[in-house]
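Trainee: make a model of this:
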Amino acid sequence: MSDAVVVGAGHNGLISAIRLADAGWDVTVLEAAPEVGGAIKSAELTPGYVTDLFSAFYPLAVASPVFADLDLEAHGLNWSRAPLAFGHPAGPEDDDAPVVHPDAADTAAQLAAFDRHDGQAWLDLVEQWEMLRPAILDTLFGPFPPVRAVLSLLRSVGTAEALRLARFLILPADRMVRELFHSEKSGLLILGNALHADIPLHAPGSGVMGYLLTMLGQDTGYPVPVGGAGALSAALRRRAESAGAQVHCDTRVTEIEVRGGRAVGVVDSGGRRWRADRAVLADVSAPALYTDLLSPADVPGRVLDDLQKFTWDTPVVKVNYAIDGKIPWRSANLGGAGTVHLGADARNIAYSTADIETGNIPEHPFLLFGQMTTADAGRSPAGTESAWSYSHLPRGVTDDAAARLLAARMDEVLEQHAPGVSDMIIGRHVQTPHDLQTADANLVHGTVNGGTAQLFQQLIFRPSPSLGGATTPVDRLYLAGSAAHPGGGVHGACGNNAARAALASDGIRGTPRRALNRTITRHLTKPWKPQGNGDHS
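Mentor: Numbers count the residues shown, from 1 in each chain. Below is the predicted model:
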């Protein structure tokens, strides 16, 4: 018997295990796959070329306060960075794409060449970020509601400026860049990063995503683990085991056992029971937790009703390339960028996002493109490039034929920006939505963020209005995956928040918190009944 059982050894599950083991708990981690890591894995799909199969660049991990004290470097992790964080050409003919240099002054100088106002605007933005960085990161990656972080933010800027900042952060991305920059090319740096999420550029919330990733690119760069993404997962496993956690792979959990409204353990596919004396933490999707692992008798009907409205993010198609040479970009400065955003000039952004929102496969897709050897020289033979691109299909479109069509259009976009690159490709592997879900059950329908990032399913509404955060209607059961606040991305906050909730609710001192959680949950999950006005006779 363990104090806690963690279901799933993605990075959130491993971080949950680390926090609990560091607190002295006996922790068992059960992972269905042969290896830990979830969507942080790498492999040689083409001999000599290391491919990151899912996530690849980790600015959130380096910036997140959750990772700050893990000391993963002592467990074998080393970071590497490309000479330039990212770039975004304005179109196929652009031979001077805006890029983010390590020094903000160099980035500003390039933007000033597009419009003299934009260089100073960039420096002002960076100065604002440097002042607000700790409070913003604590707000985003701490438990919700972030009372302490918000108070810190107010102390940093004052109440009046806080209102202006709040307005700025909720701006749609397309409005944000119009207010910040005069040149369309300068604004692409934020717009491209906003498109990492599934929030339309005209919707509130898209701006803060673009702002965060853009400023992190200027601040920390876009780091990668030396040797491949799998090196990050391996370091997390070693860190967890060094704290005393036991990790078991090839062990699929099929049921969470509940007695008297309390989680007491899990059952694996072989029928073995794993007891949990103090808590069960689940690094799984919200629908999997409530409809697969729990009995319907243990889930309030209102929760199941709410989950009928649960919205996934848009499916991903990923193309992995082994390129026999350096990519011949029209804009030569893109050769130094780890990440390149392609196919999203002002016109194509409108077309591509409109296609996705209306259920059509984009004719001119927006691509996130990664140059992994540029970021980490050991990823492929000298003078070559291990690279990938990914793009999105509309919701509900996940069939292999649609994925292959989108992949072919992605190849066309790459060729337009780097004429001749198609002849240099010696290995090409497409990952369809089906492939992604088969490789990692949490990537449902090929989605990578555990549910939409749009505001109606964020903060206290994630994963549903009746269930905000890590706590669940079942006592001592916690949601530790990206379906909980703050959502997708490799920042570790979902696992960390689940572990903190388990620790805070444990033992005699946790009794009032458990009682409060039960009262709140009972109220939020109570079936709604229309109120009558008395006598209808």
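Trainee: tell me which residues in stretch 320-329 are buried?
Mentor: 320-323, 326-327, 329 (16 or more other CB atoms under 10 Å). Heads up, the C-betas are built off the backbone N, CA and C, glycines and all.
Trainee: got CSV for those residues, with pLDDT and secondary structure too?
Mentor: Formatted as CSV, those follow (pLDDT from 0 to 100; DSSP: H, G, I helix; E, B strand; the rest coil):
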residue, pLDDT, secondary structure
N320, 98, strand
Y321, 98, strand
A322, 98, strand
I323, 98, strand
K326, 97, coil
I327, 98, coil
W329, 98, coil
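Trainee: now stretch 357-374: how far from the chain's centre is it?
Mentor: Centroid separation for stretch 357-374 versus its chain: 17 Å, with CA atoms, centre = their mean, to the nearest Å.
Trainee: what average pLDDT does it get?
Mentor: In this model, stretch 357-374 carries a mean pLDDT of 94.
Trainee: can I get that stretch in PDB? Just the C-alpha atoms.
Mentor: Coordinates of each C-alpha in stretch 357-374 appear next as PDB, following Å, rounded to 0.1, in the frame of the first residue of the first chain:
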ATOM      1  CA  GLU A 357     -13.700  27.700 -37.700                       C
ATOM      2  CA  THR A 358     -16.000  26.700 -40.600                       C
ATOM      3  CA  GLY A 359     -14.900  23.100 -40.800                       C
ATOM      4  CA  ASN A 360     -12.700  23.300 -43.900                       C
ATOM      5  CA  ILE A 361      -9.200  22.000 -44.300                       C
ATOM      6  CA  PRO A 362      -7.000  25.100 -44.700                       C
ATOM      7  CA  GLU A 363      -5.800  25.600 -48.300                       C
ATOM      8  CA  HIS A 364      -3.000  27.900 -46.900                       C
ATOM      9  CA  PRO A 365      -2.300  26.500 -43.500                       C
ATOM     10  CA  PHE A 366      -0.400  28.200 -40.700                       C
ATOM     11  CA  LEU A 367       2.600  26.100 -39.600                       C
ATOM     12  CA  LEU A 368       4.700  25.900 -36.500                       C
ATOM     13  CA  PHE A 369       8.100  24.800 -37.800                       C
ATOM     14  CA  GLY A 370      10.900  23.500 -35.600                       C
ATOM     15  CA  GLN A 371      14.600  23.400 -36.600                       C
ATOM     16  CA  MET A 372      15.900  21.000 -34.000                       C
ATOM     17  CA  THR A 373      19.500  20.700 -35.100                       C
ATOM     18  CA  THR A 374      19.700  24.500 -35.200                       C
END
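Trainee: what's the first-to-last distance across stretch 62-80?
Mentor: Stretch 62-80 has an end-to-end distance of 11 Å (CA to CA, to the nearest Å).
Trainee: strands along the stretch 201-350 of the chain, start to end?
Mentor: In the stretch 201-350 of the chain, the segments counted as strands under DSSP state E, counting those that start in this stretch are 224-225, 246-248, 253-259, 262-268, 273-282, 316-323, 337-342.
Trainee: hmm, back to that, between which two of the buried residues of stretch 320-329 is the distance greatest?
Mentor: Farthest-apart pair in the buried residues of stretch 320-329 is N320 and W329; separation 18.9 Å (CB to CB).
Trainee: please produce a markdown table containing the buried residues of stretch 320-329, extended by distance to V66.
Mentor: Below are the buried residues of stretch 320-329 laid out as a markdown table (distance: CB to CB, whole Å):
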| residue | distance to V66 |
| --- | --- |
| N320 | 29 |
| Y321 | 32 |
| A322 | 34 |
| I323 | 35 |
| K326 | 36 |
| I327 | 34 |
| W329 | 35 |
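Trainee: if we take the residues you listed, which one ends up nearest to E44?
Mentor: Once CB to CB is applied, the member of those that ends up nearest E44 is A322, at 9.4 Å.
Trainee: show me the beta-bridge partners of the closest one.
Mentor: On the basis of DSSP bridges, A322 is bridged to S386, G427.
Trainee: quick check: it touching L45?
Mentor: Yes - using CB atoms under 8 Å, A322 is in contact with L45, at 7.5 Å.
Trainee: intersection of neighbour lists for those two?
Mentor: G427 (CB atoms under 8 Å, 6 or more residues apart in numbering).
Trainee: please enumerate the helices of the stretch 1-150 of the chain.
Mentor: 11-22, 59-63, 65-68, 104-114, 116-141, 147-157 (DSSP state H, counting those that start in this stretch).
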